[in-house]
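*Asks:* any chance you could fold what I've pasted below:
(3 chains)
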Amino acid sequence: MIEIEQLHKSFGAAEVLRGIDMSVDRDRVVAILGPSGSGKSTLLRCVAALEEYQSGQVLIDGELIGYRTGDGDSTRRRLGDRDLARQRGNIGMVFQSYNLFPHLTALQNVMLGLVHVRRLPKPEAREVALQWLERVGLRGREDAHPFQLSGGQQQRVAIARAAATQPKVLLLDEVTSALDPELVGEVLTVIKDLAESGVTMIIVTHEVLFARDVAHEVVFMDEGRVVERGNPRDVLTAPQTERMRAFLRRYASNPAAS
Amino acid sequence: MGYTFNWTIVFTYLPQFAQGLLLGLGITFLSLAIGSLIGLGGAAISQAAGPGRPVVRGYVEVMRNVPILLWAYFAYYGLPQLGIGFLDNNWSFILALSLYAGAYLTEVFRAGLAAIPRRYGEAAMSIGLRRHQRIGLVTLPLMFRIVLPSLSNTFIGLFKDTSVAAALAVPEVTFVAQKVNQDTFRVIEAWSIAALIYLVVGYVLAIGLRRVERRLQVVR
Amino acid sequence: MDVVIPWLPSMARGLQTTLWLATVVLVSSSLIGAIGGLAIVNGPRPVRWFLRGYVDIVRGIPILVLLFTVYFGSSAFGSGLDQGQAAIVALSIFAGAHMTEIVRGGIGSLPRATVEAAEVIGLTSVQRLRLVVAPLVLPRILPPWVNTAVEIVKATSLASLIGVIDLLYATNSAIGTAKHPIAFYLTAAAIYFVIGAGLSRAGALAERHYRYHEY
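*Replies:* Numbers count the residues shown, from 1 in each chain, chains lettered A, B, ... in the order given. All right, here's what the predicted structure looks like:
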């Protein structure tokens, strides 16, 4: 369902993605692991149409993300605000720093997309939002503002906000990296629940054990390239490349490092 | 030389003081409203890269370095020379004060917009909100909460600036005090009342606005 | 625009008065601010209360009201102040309140640790002030001080309303005879702009010179 082909992305002179090829099937969970600076987050943001990319393609259900092809295949133009918004509306993203709107309550945060993007009538949106808040374990806290919630609670609201509009794919960008260790578990539980209910997800994470638990495929990136990929057990217990082994030595034995 | 106090005669002018106060508040509100529109526009132009930015910058610098009294005279005595003679003294002053306020508010709103962390705009994009939705549902509400303290200060400052309207014979508090002074020669009483009105109203406004700030939970 | 030219000498004299008035007020208010700011931070409680009251009351009333009060009020007690004197007194009182706040804020922003370090070395309060506090606080308060200086220049225009023959008074008086208000007001505005922008520019340059104040 998601095809990433030969994706290249540079920030100025620095090339961050050097030809990424990846595909994610419907209802599958792919975990992307790798050291800082490997380009994992940038890759996710390209899929989410939040970043431009210089060459290659991101396709979701066959639709080119972020651009419109000109008459020849070589000419390509960035989509306008309306089309970008439409594409982004079908892609759910959860950020490392939650990014909940501080002036809205948890409920209002979740309802925002339902009302203004999915165009649901308010009462219906409210119902859906409440159900999602319940599902992430925050029933009773719907009227709290973000500053009244812990990091783990905020992140769960962020997940609800991203998932409530029923996007085609859910992208999670190191969503537990900014959390105190004791709050990480509650968020991972929610993500696992979503994965098991058949949501297509791409998860960028440092939680190696969690990746092994939840993902159908693990992709290891380093310096802008995919270095290794395969099913979790193979990649994580019997890595093929030295770089992967080095990474696992560093992270798997010390889960607190990030 | 002794000074004989005579509060009673000055108190007979209280209705005029009251009317002057209402007029002053009205001028303040109007100038703040118009100035805010100018300020929002100015801030928006300053944000976008383009030819408008130096123009806005020039406007702000000029308005802020020149006394409001000069702008008031310009509006009242100068504009008729261009054929714009339909503004009376009240409206001339309102025009001058609005443009003056607009310059200060451009800076206030510009700083407010710059203070909004980028991640909120990104979150809004990630949900699929279009530009006008992002601006209306996220950017402006957050900006408003951020600038509220500065906005309050500007509001109170504008109220004090309305005293300059007395130079155009606009019958607000300062002008009334002048008149009472001229009529009764009760300098201390007349000006004490004027000063007291400004102090009390300013204090009440400040308290009220602080309460609004707390209500809106100026949090980030 | 040529209509202005014959009047430039008289406007220049008005400008002279404006600048002289502004300078005197700037100096006196800075003195008030220095003493008041120190006193409001370190002084005995009644002094602090008095200064707090002074600052809050003076900043709560419009400059023009203060000006009129001083000018007309002084004549109620004795012979009274003339226009120039009243303007100086009123504007100094007003600006002095601002300066006091600025100095207070500057001193308050000095980390306690820095002051304690100076105490621990054994410096007297005068030495601490001269060697540690002042060098750190002065560059810090330069921007608001420059802003206040510009406000003072603008405030001198109000003195024209009590008859001080400053730039604005001279401008109005010229218009009275020559008519053509726009040319004259634009000229006066340009002069005020140059003064204000010039002050701000000088301040920015001075500020860059004192980078070490970034504590």
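*Asks:* so what's the residue count around whatever residue of the stretch 151-258 of chain A ends up closest to chain C?
*Replies:* In the stretch 151-258 of chain A, the residue that lies nearest chain C is residue A:178 (29.1 Å; Cβ to the nearest Cβ). Glycine gets a C-beta too; all of them are placed from N, C-alpha and C. Look at residue A:178: counted by other Cβ atoms under 10 Å in any protein chain shown, it has 16 neighbours.
*Asks:* helix, strand or coil: sort out it for me.
*Replies:* coil (DSSP: H, G, I helix; E, B strand; the rest coil).
*Asks:* regarding chain B, what is its longest helix?
*Replies:* Longest helix in chain B, counting residues (DSSP state H): helix B:14-47.
*Asks:* which residue ranges form the strands in chain B?
*Replies:* With strands called from DSSP state E, chain B shows none.
*Asks:* actually chain A, not the one I typed
*Replies:* Using DSSP E, strands in chain A cover A:2-11, A:14-24, A:29-33, A:55-60, A:63-64, A:67-69, A:76-78, A:91-94, A:169-173, A:201-204, A:217-222, A:225-230.
*Asks:* could I get those strands as CSV with mean neighbour count, distance to residue B:155 and mean pLDDT?
*Replies:* Below are the strands of chain A laid out as CSV (neighbours: other Cβ atoms under 10 Å in any protein chain shown; distance: least, Cβ to Cβ, whole Å; pLDDT from 0 to 100):
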stretch, mean neighbour count, distance to residue B:155, mean pLDDT
strand A:2-11, 17, 43, 92
strand A:14-24, 17, 47, 91
strand A:29-33, 26, 51, 92
strand A:55-60, 18, 49, 90
strand A:63-64, 13, 50, 90
strand A:67-69, 14, 47, 84
strand A:76-78, 12, 42, 85
strand A:91-94, 27, 39, 93
strand A:169-173, 24, 42, 94
strand A:201-204, 26, 47, 94
strand A:217-222, 23, 53, 90
strand A:225-230, 18, 57, 88
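*Asks:* residue B:68 is nearest to which of those?
*Replies:* Residue B:68 lies closest, by Cβ to Cβ, to one member of the strands of chain A: strand A:76-78, at 46.3 Å.
*Asks:* the closest one packs against which elements?
*Replies:* Counting contacts by 3 or more Cβ pairs under 8 Å, 6 or more residues apart in numbering or on different chains; DSSP states H and E, strand A:76-78 is packed against strand A:67-69.
*Asks:* which residue, neighbours along the chain excluded, lies closest to whichever residue of chain B sits closest to chain C?
*Replies:* Nearest residue of chain B to chain C (Cβ to the nearest Cβ) works out as residue B:65 at 3.0 Å. Nearest non-adjacent residue to residue B:65, counting by Cβ to Cβ, 6 or more residues apart in numbering or on different chains: residue C:196, 3.0 Å away.
*Asks:* let's verify the one you found: helix, strand, or coil?
*Replies:* Applying three-state DSSP: residue C:196 is helix.
*Asks:* what about the closest residue to chain A within chain C, how many neighbours?
*Replies:* In chain C, no residue comes nearer to chain A than residue C:109, which is 26.5 Å away by Cβ to the nearest Cβ. Residues near residue C:109, counting by other Cβ under 10 Å, number 12.
*Asks:* can you pull the buried residues of the biggest helix by length in chain C?
*Replies:* Looking across chain C with DSSP H, the single longest helix is helix C:8-42. For helix C:8-42, the neighbour count (16 or more other Cβ atoms under 10 Å in any protein chain shown) marks C:11, C:14-15, C:17-18, C:21-22, C:24-26, C:28-30, C:32-41 as buried.
*Asks:* report the distance from that helix to the chain centre.
*Replies:* Its chain's C-alpha centre and that of helix C:8-42 lie 5 Å apart, by Cα atoms, centre = their mean, to the nearest Å.
*Asks:* after that helix comes which helix or strand?
*Replies:* From helix C:8-42 onward toward the C-terminus, using DSSP states H and E, the following helix or strand is helix C:45-60.
*Asks:* what's in contact with that next one?
*Replies:* Residues outside helix C:45-60 that contact it (Cβ atoms under 8 Å, 6 or more residues apart in numbering or on different chains): B:160, B:195, B:198-199, B:202-203, C:36, C:39-40, C:43, C:66, C:93-94, C:96-98, C:100-101.
*Asks:* so for the longest helix of chain B, what gets flagged as buried?
*Replies:* Quick answer for helix B:14-47 (16+ other Cβ under 10 Å): B:16-17, B:20-21, B:23-25, B:27-28, B:30-32, B:34-36, B:38-46.
*Asks:* run the chain-centre distance for it.
*Replies:* 4 Å.
*Asks:* average pLDDT for it, rounded please.
*Replies:* For helix B:14-47, the mean pLDDT works out to 94.
*Asks:* tell me what that helix is packed against?
*Replies:* helix B:52-65, helix B:89-115, helix B:140-161, helix B:173-184, helix B:187-215.
*Asks:* can you redo these as CSV with mean neighbour count and mean pLDDT?
*Replies:* Listed next are those as CSV, based on neighbours: other Cβ atoms under 10 Å in any protein chain shown; pLDDT from 0 to 100:
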stretch, mean neighbour count, mean pLDDT
helix B:52-65, 16, 93
helix B:89-115, 22, 94
helix B:140-161, 19, 93
helix B:173-184, 21, 91
helix B:187-215, 17, 91
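*Asks:* let me have those helices in TSV, extended by distance to residue B:12.
*Replies:* Listed next are these as TSV, based on distance: least, Cβ to Cβ, whole Å:
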stretch	distance to residue B:12
helix B:52-65	40
helix B:89-115	25
helix B:140-161	25
helix B:173-184	9
helix B:187-215	11
